[in-house]
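Trainee: kindly generate the corresponding structure for this input.
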Amino acid sequence: MARYTGPKTKIARKFGEAIFGDDKAFEKRNYPPGQHGNNRRRGKKSEYAIQLMEKQKAKYTYGILEKQFRNIFGKANRSGGVTGEVLLQLCESRLDNVVYRMGIAPTRSAARQLVSHRHITVNGELVNIPSYTLKPGDVVGVREKSKSLKAIVDSLDAHSSVYEWITWNSEKKEGSFVAIPERMQIPENIKEQLIVELYSK
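Mentor: Presented below is the predicted three-dimensional model:
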């Protein structure tokens, strides 16, 4: 399986921020990983290294593999809009990301698992493709048989974030993907322009 399944705190420490959500281990050791930790002298990073780091951060944040990410970038590049902004909008429109944003799952990887295991519906139909791209107006819900799943109930109880481009009906356990979010509405700390520069080389 090609998807990264190693220690997430190590990746978060590499980028210097908790990209996978709340992480107590990261808070204790929020310096780069490695034997010498903080003491290792790190030289000035090259322009390429900074751009590559930003791309890796975006990939790990959204849980997307290299080939898939490159395809999304190609689609964003052909869209005619601002490439970096469209790239993040496409990532945000993925079904696994919206399931996570709605609070049905506590993390994107958990959301991907719920979608793959056929617990999620789009417009009343079962969809088990995490990368499925939602369109404004699409209704995402929890399958009837899965509404009492402890993992889903616990995640919804703990969820408190509100996003302007998503609505949620807690009684029906379904929500609408109202609109594609504007860049300023996307909370992820990603400098998308660096990714565009990297792929434009």
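
Trainee: show me where this structure has its strands.
Mentor: For the chain, the strands defined by DSSP state E occupy 120-122, 125-126, 138-142, 166-169, 174-177.

Trainee: strands paired with the fourth one, and their directions?
Mentor: Read it as strand 166-169. strand 174-177 (antiparallel) (DSSP bridges).

Trainee: chain center to the partner strand: distance?
Mentor: Distance of strand 174-177 from its chain centroid, counting by C-alpha atoms, centre = their mean, to the nearest Å, is 17 Å.

Trainee: next: stretch 136-153.
Mentor: With C-alpha atoms, centre = their mean, you get 19 Å for stretch 136-153.

Trainee: and it, which residues are buried?
Mentor: Within stretch 136-153, the residues that count as buried by 16 or more other C-beta atoms under 10 Å are Asp138, Val139, Val140, Gly141, Val142, Arg143, Ser146, Leu149, Ile152. Placement of C-beta: from N, CA and C, glycine included.

Trainee: and which of those residues is nearest to His159?
Mentor: Nearest to His159 among the buried residues of stretch 136-153 is Ile152, at 10.5 Å by C-beta to C-beta.

Trainee: ok, that closest one - contacts?
Mentor: By C-beta atoms under 8 Å, 6 or more residues apart in numbering, the contact set of Ile152 is Ile104, Ala105, Leu114, His119, Val142, Ser146, Lys173.

Trainee: and with 10 Å instead?
Mentor: By C-beta atoms under 10 Å, 6 or more residues apart in numbering, the contact list for Ile152 reads 99, 103-106, 110, 114, 119-120, 142-143, 146, 173.

Trainee: go on, Gly141?
Mentor: 102, 104, 119-124, 147, 169, 172-176.

Trainee: so what's it bridging to?
Mentor: Under the criterion used (DSSP bridges), Gly141 bridges to Thr121, Glu174.

Trainee: re earlier: nearest to Ile72, of the buried residues of stretch 136-153?
Mentor: Asp138 (18.3 Å).

Trainee: number of nearby residues for the closest residue to that closest one other than its chain neighbours?
Mentor: Distances taken as C-beta to C-beta, 6 or more residues apart in numbering put Phe177 closest to Asp138, at 4.8 Å, once the chain neighbours are dropped. Phe177 has 23 neighbouring residues, counting by other C-beta atoms under 10 Å.

Trainee: one more: the one 10 residues further on?
Mentor: Using other C-beta under 10 Å, the number of residues around Pro187 comes to 10.

Trainee: which secondary element of this structure has the worst mean pLDDT?
Mentor: Least confident helix or strand of the chain, by mean pLDDT, DSSP states H and E, is helix 24-28 with a mean of 56.

Trainee: buried ones in the longest helix belonging to the chain?
Mentor: Identified as the longest helix of the chain according to DSSP state H is helix 47-62. Buried residues in helix 47-62, counting neighbours by 16+ other C-beta under 10 Å, are found at Gln51, Met53, Glu54, Lys55, Gln56, Lys57, Ala58, Lys59, Tyr60, Thr61, Tyr62.
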